[in-house]
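In: pasting the sequence and the predicted coordinates here, then a few questions.
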Amino acid sequence: MYLTICLACSLANEVCYKDLGCFSDKPPWSGIPGRKLFGLPASPESMNISFLLFTRETGNLSQKLLYTEKSTVQNSYFSPLRKTRFVIHGFTSTGKYGWVVEMCLLLVKVENINCIAVDWEDGAKCTYFTAASNIRVLGAVTAYLINTLAKVYHYCPSKIHLIGHSLGAHTAGEVGRRLRGTGRQFSGLDPAGIGFEGFPDMVRLDPSDAQFVDVIHTNAGKFPTIGFGMFNATGDLDFYPNGGRVMPGCDDKNTTLVETDFDTEMEGVGNCHHSRSHEYYRYSILFPGGFVAYPCESYESFQEGNCFPCPREGCPMMGHYADRFHNKLRNNNPKYFLDTAPKKPFTSWLYNISVKLSGMTGVKGEMDIAFQMKDGKTKEYQIGSGSLNQGQTYSKLISVEINPVKASRVEFIWHKKIFTSHWAKLGAERVRLVRGKDGHESFFCGNGTATHGVPQILTPC
């Protein structure tokens, strides 16, 4: 099956499929620099495209919908009274199990919706360029099914939300082109960059494909580094967690074209950085407040604190609730930045933390503020180091893994440098926390001092 599809680079300049129309390999689809290896898409039959419907009635099981058989829709638990979310996988992946099904099950649990997992595994496990060519037919088939819903139930496209990862994001773009941008929302999860970045809107996801398009970038590459995603903004809101290139907690490194064979590297497209986009989206469904993103010119400027706190109009939440941002269609800078934690659930809250010291002057060391985590353990964040002096205030912008607004206390800990006296003592007279989301301030006060390594407890004041 795979061999048949992978050899489907037709000798013709056009292929036509029943109900879907014809597909040409003329520019910009192929034959231009950067897309010369793109060919004609395989047939929907050879790709074995299927749509798996999940609802609260189906439980952990699904019902298979066939775009060519209207009765499979009519005899299913699909409800025209509910919103519908499609989840589309990318290169080398599947929609029969794994993250696609897990996301549908979670969405149905949280919301009373129709969730449709789109499976095109047989068309996605060829060479990258063959799979990338196949999304044109996949998009056409998906659009055909949506039009079938409209005919059977008078179902409005404005109730449709497409969530696509990698090549699945550009599949959404093809759907949007065929629906003339009438879909409610399309979410691109690290849209594939190779063969798409810098090319005309009609071959990729772009803001005109739906009423609202949001994008998460997690593995953008900059030549000669190979990154599977694209860096340029391609939605109404574009989110760049951790800068959009390399994600914390991932061990695999981005390699260069000089160091590796392209096809071999592309077989590993399920790398950690690229996959983080759909993991972030999944956890944003449960923990929206932990994914607040800030408008900024660059990640470097964001790290320097130039975009802290959120502006008067507020900040959007990356992921599932991005559409709740009231300013989503009226912003001049569509790039938004945030940091994430290295481990699940990846949530992070941005705070400016200031510590006013008491105790001695000229003490060599570093000082930390610690917050208690949900498991009872504490996590320390360094605020300052070097020569520490009583009466001086030290500040630092920090992304913390637990929301301090719920903290009943904070801990001040300092660690001495070599040659610093064992009898030296420091304390935190006051700790100020400024919340990035809205600039809200909270204060914690302490009494006395402590020797190095001994926590000092501060309580709200």
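Out: That came in fine, so what should we check first?

In: what strand or helix carries Thr340?
Out: Under DSSP states H and E, no helix or strand contains Thr340.

In: Glu14 is in contact with Asp25, correct?
Out: Yes: between Asp25 and Glu14 there is a contact at 7.3 Å, judged by Cβ atoms under 8 Å. Backbone N, C-alpha and C define where each C-beta goes, glycine included.

In: between the two, which is the more surrounded one?
Out: Asp25 (19 against 11; other Cβ atoms under 10 Å).

In: any idea how far the more buried one lies from Met47?
Out: 17 Å (Cβ to Cβ, to the nearest Å).

In: part of a strand, is Glu300?
Out: No: per DSSP: H, G, I helix; E, B strand; the rest coil, Glu300 lies outside any strand segment and is helix.

In: so what's it up against?
Out: By Cβ atoms under 8 Å, 6 or more residues apart in numbering, the contact list for Glu300 is empty.

In: need the pLDDT of it.
Out: We have a pLDDT of 97 for Glu300.

In: need the helices for the stretch 101-250 of the chain, in chain order.
Out: Using DSSP state H, counting those that start in this stretch, the helices of the stretch 101-250 of the chain run over residues 121-124, 128-153, 167-178.

In: could you dump those to TSV with mean pLDDT, mean neighbour count and distance to Arg324?
Out: Shown next, in TSV, are these (pLDDT from 0 to 100; neighbours: other Cβ atoms under 10 Å; distance: least, Cβ to Cβ, whole Å):
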stretch	mean pLDDT	mean neighbour count	distance to Arg324
helix 121-124	95	24	32
helix 128-153	97	22	24
helix 167-178	98	28	20
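
In: now distance to Glu279 too, for those, in TSV please.
Out: What follows is the helices of the stretch 101-250 of the chain, written out as TSV (distance: least, Cβ to Cβ, whole Å):
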stretch	distance to Glu279
helix 121-124	19
helix 128-153	22
helix 167-178	15
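
In: which stretch of helix or strand covers the residue nearest to the spatial centre of the chain?
Out: Centroid-nearest residue in the chain: Ser277, 3.4 Å away (criterion: Cα atoms, centre = their mean). Using DSSP H and E, Ser277 sits within helix 272-286.

In: dump that helix to PDB, restricted to CA.
Out: The C-alpha trace of helix 272-286 is given here as PDB (Å, rounded to 0.1, in the frame of the first residue of the first chain):
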ATOM      1  CA  CYS A 272      10.100  16.200  21.000                       C
ATOM      2  CA  HIS A 273      10.300  19.800  20.000                       C
ATOM      3  CA  HIS A 274       7.800  19.400  17.100                       C
ATOM      4  CA  SER A 275       5.400  17.300  19.200                       C
ATOM      5  CA  ARG A 276       5.400  19.800  22.100                       C
ATOM      6  CA  SER A 277       2.900  22.000  20.200                       C
ATOM      7  CA  HIS A 278       0.100  19.400  20.500                       C
ATOM      8  CA  GLU A 279       1.100  18.600  24.100                       C
ATOM      9  CA  TYR A 280       0.900  22.300  25.000                       C
ATOM     10  CA  TYR A 281      -2.500  22.500  23.300                       C
ATOM     11  CA  ARG A 282      -3.800  19.500  25.200                       C
ATOM     12  CA  TYR A 283      -2.700  20.800  28.600                       C
ATOM     13  CA  SER A 284      -4.000  24.300  27.800                       C
ATOM     14  CA  ILE A 285      -7.500  22.700  27.800                       C
ATOM     15  CA  LEU A 286      -7.100  21.900  31.500                       C
END
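
In: what is in contact with Asp25 and Glu14 at once?
Out: Leu40.

In: pLDDT score for the nearest residue to Gln303 once chain neighbours are set aside?
Out: Closest residue to Gln303 apart from its sequence neighbours, by Cβ to Cβ, 6 or more residues apart in numbering: Leu397 at 7.6 Å. If you check Leu397, the pLDDT there is 96.

In: number the chain from 891, please
Out: Understood, numbering begins at 891; the last thing we discussed is Leu1287.

In: part of a helix, is Leu1287?
Out: No: counting by three-state DSSP, Leu1287 falls outside a helix, being strand.

In: and the gap between it and Pro1090?
Out: 39 Å.

In: what's the answer for Ile1106, then?
Out: 23 Å.

In: what's the answer for Asn1161, then?
Out: Counting by Cβ to Cβ - Asn1161 and Pro1090 are separated by 28 Å.

In: which one of the two has more residues nearby?
Out: For Asn1161 and Pro1090, the more surrounded residue by other Cβ under 10 Å is Asn1161, and the numbers stand at 19 against 12.

In: alright, I will stop here.
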